[in-house]
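# Just a sequence and a predicted model for now, questions to come.
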Amino acid sequence: MLTDYRPWSAVAAAIIAAGTPCMLANGNDGAEGLYYASTASAGTEVTSVGSVDNSHSPETLFQANYTANGLPNSFGYALATGSFAGLSLPLWTDSTDPNVANDGCNDFTADLTGKIVLIRRSGCTFVTKAQSAIDAGASYVLFYNNFPGTIIASLDGSTIAAAGMVDPSTGANFVSLLAVGDEVVLTFPTDVELLIVSPGDVNTPTGGKMSTFSTWNPSNENSIKPVVCAPGGNILSTYLASQGSYAVLSGTSMATPFIAGVVALYKQAKGKGTTPLIINAALSSTAKPVKFNDGTNTSPFLTSIAQQGGGLVDAYHMIYAGIAVTETNIALNDTRHHVSNAAFDVQNLGTATQTYTLTHQPAANAYAFDLTNTDLVAAFPPPLDTKYSSVTIFPPILSLEHGQKKRVTIVVLPNPSLNTSLVPVYSGYINITSSLTTESISIPYLGVATVMNNITILASDASWPDFNDSLAVSTNDSTSTFKPSSQSFPVLYWNTRWAMAEVRLDVLSTNPFLNKIRAAGLSTYGSVSGYPLRWQPRGVAGQVTGAEWNGTLADGRKAVSGNYKFVLRFAKGFGDLNRGREFESYESEAFAMDMS
């Protein structure tokens with residue numbers, strides 16, 4: 001296994017090695033699909049925390065007024081950015097369907113100067129919707145939610161003057177008024193007053209289920225994250241005093257302090273000798289697995305361990321559990337490195353002799369790629385199925401005296417009908433249940449039914465790598481000439497569908513006698529300055545990596561005038577970084593460098 005030496009990861013590893021647990025947010029990139037683990041939360045023994053949606057929908061609302069054909073009324077809104085204070089403007093909406101799926105995702109055709117634009121949430125990002133309003137001349141946007149309650153809309157990078165959100169019923173009321181031709185004018189007081197609604201309406205669609213934004217794993221080396229999940233979606237929290245001091249926020253960063261508090265209680269109850277491994281094992285084994293939810297509907301099967309780890313934290317059970325396991329989870333790795341006989345210990349923490357029954361509880365298989373598009377990893381929701389693995393547990397029944405510990409071995413065989421080309425991630429739980437007290441804990445397992453080393457890294461949605469010669473000073477006989485002193489550089493673009501331990505961008509001279517630098521099994525002229533790059537994440541839709549070469553090499557030399565080629569190489573999964581055959585390799589067309 002390769003070690004991630006990036007500073008953040010190294011700091012977390014050092015803290016944990018010293019015996020202090022580290023709780024880190026798992027990340028909010030659930031939309032990007034599987035294998036998008038966040039550093040350093042993917043580190044060994046780090047308590048990586050995923051997010052579950054609140055069972056209710058609290059709100060923090062600023063008060064405002066509206067008139068419809070002159071008749072006054074009031075409403076509440078959650079402020080996302082800017083300020084509406086003192087404004088009085090007419091409301092406009094593009095769609096009179098309160099269930100429209102992609103409102104504001106495309107350009108508005110009307111002139112919206114001097115209007116507040118009402119846009120339903122869903123279909124694309126808040127930034128995209130706000131930009132559609134800006135492009136049509138508007139400066140103010142009011143979103144209405146597609147779930148109960150309101151949230152603080154994320155508008156980082158947007159130039160909208162002010163934006164807020166109302167709940168679905170308020171939005172539907174505004175739409176109905178506009179649909180029959182009423183003029184709706186919104187008026188905002190200069191001195192705003194915050195109304196806190198808590199606990200709020202019951203969150204029927206997603207309450208108690210994984211937040212759709214919570215990042216999916218496993219890590220790029222198939223370790224299991226998150227360890228556990230906690231409430232992180234729609235959480236009433238303190239906020240900027242200038243914006244009312246309170247807000248409803250969402251993110252794994254909301255779930256993480258919840259787990260930190262639980263761990264503090266656990267350490268208080270158990271004493272200072274509790275190690276990060278013991279803490280993680282207790283968190284994971286006593287958590288409650290949850291069923292898959294796509295943001296609207298809940299499925300009858302458990303969601304993948306790659307999304308939820310152990311499941312939703314149960315603080316009381318964690319502290320008072322009468323059973324313990326010695327491992328946080330069981331990582332079975334890929335087909336080539338499959339752990340054929342995984343093992344863990346079960347310990348009786350109770351005061352009486354106990355008999356335990358061990359059973360298998362499967363979770364959904366999740367696929368990294370979609371059968372209809374294997375170009376990039378599938379976005380949320382990833383393809384799922386219930387072609388469950390077969391599991392043999394030995395022994396299936398344990399009898400343990402007080403404090404006694406015994407070893408359990410499991411053999412997990414993924415369903416042979418899984419499509420290995422789509423990178424299937426199979427998972428489930430081994431449940432350990434007391435026949436005396438009926439108490440039950442579980443340990444999650446996860447494996448990958450493919451050979452990671454065989455996964456093609458370069459995305460195939462275009463002719464990658466793309467050699468850009470638009471800055472060339474001349475082109476003769478199909479060979480472009482570049483002159484760095486005149487700001488003329490060759491550029492190479494690419495996108496990747498899988499993460500890499502290393503990316504190399506080397507230069508080959510067409511004069512073989514100049515290729516004296518041996519790099520990962522290849523004789524080269526040298527590496528482009530700044531390369532190789534370590535620990536590079538996979539690409540996502542719309543993301544392109546580019547590198548231009550000014551003639552400077554990684555060792556500080558300046559290239560001489562002559563003809564060259566780029567060689568772009570990606571380290572394959574679990575590959576040896578010193579061996580050329582462990583890299584996926586691509587060669588550019590030849591080009592000339594004029595270094596005068």
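Happy to help now that I have it. Residues are numbered from 1 along each chain as shown.
# V560: neighbour count?
Neighbour count for V560, taken as other CB atoms under 10 Å: 12. The way it works is simple: take the backbone N, C-alpha and C, and place the C-beta from them, glycine included.
# Now do the SS call for it.
At V560 the chain is in coil, as set by DSSP: H, G, I helix; E, B strand; the rest coil.
# What about it? Give its phi and psi, please.
Torsion angles at V560 (phi, psi; degrees, to the nearest 10) stand at phi -90, psi 160.
# Skipping adjacent residues, who's closest to it in space?
M595 (6.2 Å; CB to CB, 6 or more residues apart in numbering).
# can I assume the one you found is in contact with F482?
No. Taking contacts as CB atoms under 8 Å, M595 lies outside contact range of F482: 9.5 Å.
# out of those two, which sits in the busier spot?
Between M595 and F482, counted using other CB under 10 Å, the more crowded position is F482 (25 against 14).
# next one: phi and psi at the more buried one?
Here is the backbone geometry of F482 (degrees, to the nearest 10): phi -120, psi 150.
# Please enumerate the strands of the stretch 51-200 of the chain.
If DSSP state E, counting those that start in this stretch is used as the criterion, the strands of the stretch 51-200 of the chain fall at 56-68, 71-82, 88-93, 116-120, 140-144, 162-166, 184-187, 194-202.
# Pull up the pairing partners for the third one, direction included.
In the sheet containing strand 88-93, the strands it pairs with under DSSP bridges are strand 116-120 (parallel), strand 184-187 (antiparallel).
# So what's the model's average confidence on the shortest one?
Same thing as strand 184-187. Strand 184-187 shows a mean pLDDT of 97.
# can you check stretch 500-514 too?
95.
# Starting from the helix or strand bottoming out on mean pLDDT in the chain, tell me the next helix or strand along the chain.
Within the chain, no helix or strand scores below helix 7-17, which has a mean of 85 by mean pLDDT, DSSP states H and E. Scanning forward in sequence from helix 7-17 by DSSP states H and E, the next helix or strand is strand 23-25.
# Could you list the residues in contact with that following strand?
Residues from elsewhere that reach strand 23-25 (CB atoms under 8 Å, 6 or more residues apart in numbering): 12, 38, 40-41, 43, 46-49, 251-253, 255-257, 259-260, 263.
# try stretch 237-254
Here stretch 237-254 has contacts from 25-28, 49-51, 57-60, 62, 78-79, 149-152, 192, 194, 196, 211, 213-215, 226, 231-236, using CB under 8 Å, 6+ apart.
# Now a ChimeraX select for only the buried ones of those residues.
To isolate the buried members of the contacts of stretch 237-254 in ChimeraX, using 16 or more other CB atoms under 10 Å:
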select :25,26,27,28,49,50,51,57,58,59,60,62,78,79,149,150,151,152,192,194,211,213,214,215,226,231,232,233,234,235,236
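# I'd say T20 and P276 touch.
Yes. Counting by CB under 8 Å, T20 does reach P276; the two are 7.4 Å apart.
# The two: which is more packed in?
For T20 versus P276, the count of surrounding residues by other CB under 10 Å is larger for P276: 22 against 10.
# Run a quick check on the more buried one versus E45, I expect a contact.
Yes. At 4.7 Å, P276 counts as touching E45 under the criterion of CB under 8 Å.
# Overlap in contacts, those two.
Counting by CB under 8 Å, 6+ apart, the contacts common to P276 and E45 are I16.
# sorry, back to before: and among the strands paired with strand 88-93, the most buried is which?
Of those, the one with the most neighbours on average (mean count of other CB atoms under 10 Å) is strand 116-120, at a mean of 26.
# Run through who's touching it.
Residues contacting strand 116-120 (CB under 8 Å, 6+ apart): 87, 89-95, 98-100, 103-104, 108, 129, 132-133, 136, 138, 140-144, 146, 171, 174-175, 178, 186.
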